[in-house]
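[1] This is the structure alone, sequence omitted:
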């Protein structure tokens, strides 16, 4: 299974603290643990040509992971359109943290994806609310992150197809922090944690969750549905009048 | 619209503190504010004949509210069956707090309805996660209850049709505290708050939520679907072979 | 409650047959029965200034009905954006028939909204699959349309929040023909029937369904959620270390 | 992965026609193709001791398949309870055809599971409405069964977590014929086809669907959530008064 991790990779250039926590970039850390778990993993970043997401790269990608924050607007619309079409064709998409405001996530959701937020080094506890879901395999009842950015409700998303995690925050908020969706043939997982100034992606249970979600999101490899004009499968117009009962 | 409030009414007999908070019983307080909001409201309690839920009473009830805790097992199975059938026929059902373990709720859910709990006089904050839902009409972003019993995830319920509230608890847990379901023609709302030793049902926003939910849950008054053997609506066997395209 | 019916109004100009069935335009017929049912109803069409959907008009609209087919691309993006924002703010939206391919519906869905289709004067039967839903109030088990255009699965939409109708077609297909969604504070109903060359909107049960859906979709009139930076509601950093049990 | 196929096995004893189509019983045919697909498969039938579903058997079962029709009432309640508990603990359950009226399915659904039906040798066409779902892997747009019993809407089930197939019937009905649910840690798939007098379980795409569903339904093997009394994870009562903004 082939995974591509897309990272904006700007905080890493500007902030020494981020570089200390993620010396190879956020994408480097995620690549490391997904390779460890047996996936074939490449990375792509904003400042590469076509943001590293050429047709060729996307056609080879089973699951795309997305981390962006500062420069959502710099992502070119034709690349967003390309990713969008690949998702509808069956490519899995894992959107992390501040990716909630990325063009691709908003386009797939059809909502503002807005939320409350606060940077206050506060504790987050992600509770598992769907213990039957493969994304939660091997987790306990919750994951504790000693310090994270807060995201709070109301989170302006469509009601998720499946709600997997709900976060508790020290400052008094809650958040639907693990949500799945299907769009076309593609499966999408939004996973809240991962502010760049905290070592969140080094946490074993966060790694396990992302690794599980990649397995879950990978496409089936089956052909696309056909659309458009369709010949009748049964004869039309040969029928007698309707009969039968339409009472309630 | 006719509402029947069913209350176990045992804590009120045994615990002076509960009597102080709810001098007319939990059912009396709920009756008071629903009458104030314009509903026709009767009450029924465990120790009445047929628990106060005769055929005649249920046939006249548009929405039934359920509060029970100590004596779920004393509720007779034939009364549970009667309520169940009325729900499938279109009677609304509002299940409050410890009613999560009532026979009727478990029967309608098909799960254990188990959860974590703690009585520690702790703060609960109910966040609105579905601000488009009529049950949240007139509420702010959240409701704060200074002292409540804690209920925590995992809550063993089917994924709700609609998730309306998520609770934050001071002690570190979260809970899906407002959930809607449909069963047959009936609409169901589970609403978490309301431990008997706290003045929760005197809180204006809790009253507003329950009042909204009664309006939402009331049946349509339309006839039941028909089931069983059905004559064909179209002629069978006159067709030519299937044609057309089954490619993906 | 104020309803605005938006109609592309092009078929009516070009096709005498359509004019015969809908002498006042599709919008005129819909306006007629909604006024009869007690709503305040205005109309707007593509060729009016701003397509008849100025800020002022939309701000006064509780529910917008949308019918378009030939000229989706002529609808200006800033008007689509305006409608989109109003939906997120709580305006109801009823999308009819070929409106599945409108810019506004695709933007709210996040999918291609593609489907199979055929014009063969064939019979459609819309089965009620959610008899507890207010949109189905007063209907029998199904609605029969003697002649309609066929729309067939796969319909590339997000799984609906609620599936209300499923259509049977004489030629052998099925279709999820009544689907609800929430986006932000707005409620959306997609309703399949209504090809311009058939008298579908004169059918009493189609009228009843649209009328019910308008009532259902109307906003609550409550204020918008707040988003953005949020001060903590509880003190941060004063806590002792976490305790407790994280076993499964 | 260990599969147990439970078959009532009564039609096979009484009806020569059924024996001709399924010489080893319905369970024998299903066992055959699941073994071919690599599963370890045992069978159990009504007339065995404990209906073949002892604690030992169920504890070793990852996915249970259920086919029953004539004798739902003969299934003992303690065996139903045992299966129910195993589902909540994570055992997958595939309920086939007339199993919609089995005690176990009704108990897990919380509804009557009633429907319309007709035996008229008519054509069924199962349309895939969720092509992103692993249960549909390898299928085309639909499956055609030249002769089947009809099941028609309204089907009195909770709205499925995922709707996978919708059936078209020659006589004019539709049916939600592939539905998934989660209950506790268990995954459930209801799949409509399979009347005993037709060779449905010999159809390659029906076999593929059941085989896919077994893979999908198998449990994660992770531990159960904990329930009951819970110590606080955070200190209670040390907080200052709430602050912040509760405007909408």
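    Good, I have the coordinates. Please read all numbers here as calculations on a predicted model, not as lab measurements. Residues are numbered from 1 along each chain as shown, chains lettered A, B, ... in the order given.
[2] Now do residue A:72: how many residues are near it, please.
    Here the number of neighbours of residue A:72 (other C-beta atoms under 10 Å in any protein chain shown) works out to 19. Just so you know, the C-beta spots here come from the backbone N, C-alpha and C atoms, and that holds for glycine as well.
[3] who's in contact with it?
    A:101-103 (C-beta atoms under 8 Å, 6 or more residues apart in numbering or on different chains).
[4] Residue A:65 too?
    Residues in contact with residue A:65, defined by C-beta under 8 Å, 6+ apart, are A:3-6, A:30, A:93-94, A:96, A:210, A:214.
[5] ranking the contacts of residue A:72 by neighbours, who comes first?
    residue A:102 (24 neighbours).
[6] just checking, what packs against the strand ranked longest in chain A?
    Secondary structure of chain A per DSSP state E: the longest strand is strand A:116-128. Contacts defined by 3 or more C-beta pairs under 8 Å, 6 or more residues apart in numbering or on different chains; DSSP states H and E place strand A:116-128 against strand A:142-152, strand A:162-169, strand C:228-229.
[7] now the angle between strand B:162-169 and it, please.
    Here strand A:116-128 runs at an angle of 90 degrees relative to strand B:162-169 (axes from the mean of the first three to the mean of the last three C-alpha atoms, to 10 degrees).
[8] partners of strand A:116-128, with directions?
    Strand A:116-128 sits in its sheet next to strand A:142-152 (antiparallel), strand A:162-169 (antiparallel), strand C:228-229 (parallel), going by DSSP bridges.
[9] Point out the most buried one among the ones you listed.
    Across those, averaging neighbours per residue (mean count of other C-beta atoms under 10 Å in any protein chain shown) puts strand A:162-169 on top, at a mean of 26.
[10] List the contacts of that strand.
    A:122-130, A:133, A:135-136, A:143, A:148, A:150-152, A:174-180, A:189, A:191-192, B:153, B:159, B:163, B:166, B:168-169, B:172-174, B:176, D:161.
[11] Adding distance to residue D:15, write the strands paired with strand A:116-128 out as a markdown table.
    Putting the strands paired with strand A:116-128 into a markdown table (distance: least, C-beta to C-beta, whole Å) gives the following:
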| stretch | distance to residue D:15 |
| --- | --- |
| strand A:142-152 | 54 |
| strand A:162-169 | 42 |
| strand C:228-229 | 69 |
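[12] so what's the nearest residue to residue A:187 once chain neighbours are set aside up against?
    Take residue A:187 and drop its neighbours on the chain: the residue closest to it by C-beta to C-beta, 6 or more residues apart in numbering or on different chains is residue A:217, 4.5 Å away. By C-beta under 8 Å, 6+ apart, the residues touching residue A:217 are A:63, A:92-94, A:187-189.
[13] Point out where chain A drops to low pLDDT.
    Low-confidence segments of chain A (pLDDT under 70): A:238-248.
[14] Now the terminal residues of stretch A:94-112, how far apart.
    By C-alpha to C-alpha, to the nearest Å, the extent of stretch A:94-112 from end to end equals 18 Å.
[15] check whether it contacts chain D.
    No - under the criterion of C-beta under 8 Å from any C-beta of the partner chain, chain D is not reached by stretch A:94-112; the shortest gap measures 13.0 Å.
[16] Of the strands paired with strand A:116-128, which is nearest residue A:203?
    strand A:142-152 (6.6 Å; C-beta to C-beta).
[17] How about residues contacting that closest one?
    A:97, A:100, A:115-128, A:165, A:167, A:169, A:171, A:173-175, A:177, A:192-193, A:195, A:198, A:200, A:203, A:205-206, A:209, B:127, C:230, C:232, C:242, C:246.
[18] Give me the ChimeraX select line for those, limited to the buried ones.
    Buried residues within the contacts of strand A:142-152, by 16 or more other C-beta atoms under 10 Å in any protein chain shown, are selected in ChimeraX with:
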select /A:97,100,115,116,117,118,120,121,122,123,124,125,126,127,128,165,167,169,171,173,174,175,177,192,193,195,198,200,203,205,206,209 /B:127 /C:230,232
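[19] How about residue A:184: what's its closest non-neighbour residue?
    Among residues not flanking residue A:184 along the chain, residue A:88 sits closest, at 3.1 Å (C-beta to C-beta, 6+ apart).
[20] ok so, going back, which of the contacts of residue A:217 fall within strands?
    Of the contacts of residue A:217, the ones assigned to strands by DSSP E are A:63, A:92-94, A:187-189.
[21] farthest-separated two in the residues you listed?
    Farthest-apart pair in the ones in strands among the contacts of residue A:217 is A:63 and A:188; separation 10.3 Å (C-beta to C-beta).
[22] Find residues that contact each of the two.
    Counting by C-beta under 8 Å, 6+ apart, the common neighbours of residue A:63 and residue A:188 are A:92-94, A:217.
[23] Quick one: the helices in chain A, in order.
    For chain A, applying DSSP state H gives helices covering A:11-14, A:16-21, A:25-36, A:55-59, A:77-89, A:103-109, A:204-217.
[24] tell me which residues in the shortest one are buried?
    This points to helix A:11-14. By neighbour count on 16+ other C-beta under 10 Å, the buried set for helix A:11-14 is A:11-12.
[25] Out of the contacts of residue A:72, which is nearest to residue B:21?
    Nearest to residue B:21 out of these is residue A:101 (C-beta to C-beta; 45.5 Å).
[26] Against residue A:115, how distant is the closest one?
    Residue A:101 sits 9 Å away from residue A:115, going by C-beta to C-beta, to the nearest Å.
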